[in-house]
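[1] sequence and predicted structure are below.
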Amino acid sequence: MMSKNPKTYLDYAATTPLDPRVFDVMGPFFTSKYGNPSSVHTFGQQAEAAVETARESLAEFLNCSPMEVVFTSCGSESDNLALRGAAFAARQIRKANHILISLVEHHAISHTAEQLSNVFGFDLEYLPVNEYGQVTGESVKERLREDTAVVSIMFANNEIGSINPIREIGEICRGKNIPFHTDAVQAAAHLAIDTSTLNVDLLSLGAHKLYGPKGIGALYIRQGTPILTTQTGGGQENNFRAGTSNVAFIVGQAEAFRLSKEEQLNNHAHLIPLRDRLIKEVLQIIPDVKLTGHPTDRLPNHASFVFKNVGGNELLMMLDNAGFACSSGSACKTGNPEPSEVLNAIGLSRDWGLGSLRVTLGKYTKDEDISRFIEILPQLISDNRKMRGF
């Protein structure tokens, strides 16, 4: 049954609503400016100009050359192209066969790495994480090998919000001439993404995490980084990613990233006090609760918890019925009754790991939303525990 309560959206890490200003700039490319950028006539030239202007805009956001920006269909495709492309190129060029990723990567990385190992014979190694789900530079340094093909470590964790020391890790990899990729899909909306100082060779982005459209993403490929193309065809995107350009979405993505950079400080001033209040009061009011992720070195909109002897999926349904849309970790997890890989990696036992809750805020979140959420959550936790016999 559908809830009669008004809905409050607290799942901005899963996706964000499209900013009306982004929608406005996309509109003409569905109607009057509908040409194929590969066509030579005026309609095609008009579309091509829009794509290249968008590429320049995104390059400004990343502080890189426009030729280093490749448009994809989403963050997951960017991750796939980065990991597969770098791994196969390294094997072809220098017979490298070792892939290094963390235990807490998004499935777009972990499942891709597993396939590269199981099907294509790469030697996959997992980097451990600390109690906050972070990778240390020292652990990377200890595990790099001469035959390491690529290292991939996410910038900020989608499930528990912790931020990794990407610049330090990138410097270690660059010192060994090993390609380093970071999944910055969650981080880009909230952190400075300056490729000139991050020491990354590959960086993945997705527009729908920062009020852009779903179905569009980008991959930064540092000039000179060996990549084997994984999607061949007409040679679009400088031969890195074939397929007719999704002009309207490319234009929308560029506008979303432009607005994100322009408004980031104001968004931080709005989000951080709400996040800190939420974390403080949940930890004070509810018994047997832990914050997951780093207490301070975390995304400014991200609060995540585990509750002992609580069923996370049931809690989400109870919250939804009460009018709140939240998540139990990654939005890509559906109905799995086991603790997530992330919660296992940070050492939580099953009685804690099953009771995870992710609450992520956005620019439309209001102070009264947090007040109402804090007001109803303790009773829902209590009811959930009683249902489970605790």
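    Received the coordinates, thanks.
[2] any weak-confidence spans in the stretch 51-200 of the chain?
    Filtered on pLDDT under 70, the stretch 51-200 of the chain yields no residues whatsoever.
[3] check contacts around the residue nearest to I178 when sequence neighbours are not counted.
    Once flanking residues are discounted, I178 sits nearest to T148: 5.0 Å by Cβ to Cβ, 6 or more residues apart in numbering. In short, each C-beta sits where N, CA and C put it, glycine included. For T148, the contact set (Cβ atoms under 8 Å, 6 or more residues apart in numbering) comprises 96, 98-100, 176, 178.
[4] so what's T148 bridging to?
    Beta-bridge partners for T148, by DSSP bridges, are H98.
[5] what's the distance between it and K95?
    Per Cβ to Cβ, to the nearest Å, T148 is found 12 Å from K95.
[6] can you check H270 too?
    Separation of H270 from K95 (Cβ to Cβ): 51 Å.
[7] could you do D147 as well?
    From D147 across to K95, the span is 7 Å (Cβ to Cβ).
[8] who's more crowded, these two?
    For D147 versus K95, neighbours defined as other Cβ atoms under 10 Å are more numerous around D147 (14 against 9).
[9] packing partners for the helix ranked longest in the chain?
    Looking across the chain with DSSP state H, the single longest helix is helix 247-285. Helices and strands touching helix 247-285, by 3 or more Cβ pairs under 8 Å, 6 or more residues apart in numbering; DSSP states H and E, are helix 20-26, helix 42-62, strand 289-291, strand 302-307, helix 367-387.
[10] now it, how far from the centre of its chain.
    Averaging C-alpha positions (Cα atoms, centre = their mean, to the nearest Å) puts helix 247-285 14 Å from its chain's average.
[11] bridged to the residue nearest to R372 when sequence neighbours are not counted, which residues?
    The shortest distance from R372 to any non-neighbouring residue, by Cβ to Cβ, 6+ apart, is to T8 (7.1 Å). For T8, the beta-bridge partners are F324 (DSSP bridges).
[12] check contacts around T8.
    Counting by Cβ under 8 Å, 6+ apart, T8 touches 323-325, 369, 372-373.
[13] next one: L124
    Under the criterion of Cβ under 8 Å, 6+ apart, the contact list for L124 reads 99, 101, 113-114, 116-117.
[14] 7 Å instead?
    99, 113-114, 116-117 (Cβ atoms under 7 Å, 6 or more residues apart in numbering).
[15] and if you look at M154?
    By Cβ under 7 Å, 6+ apart, the contact set of M154 is 102, 105-106, 164, 182-183.
[16] is it fair to say Y220 lies in a strand?
    Yes: counting by DSSP: H, G, I helix; E, B strand; the rest coil, Y220 falls inside a strand.
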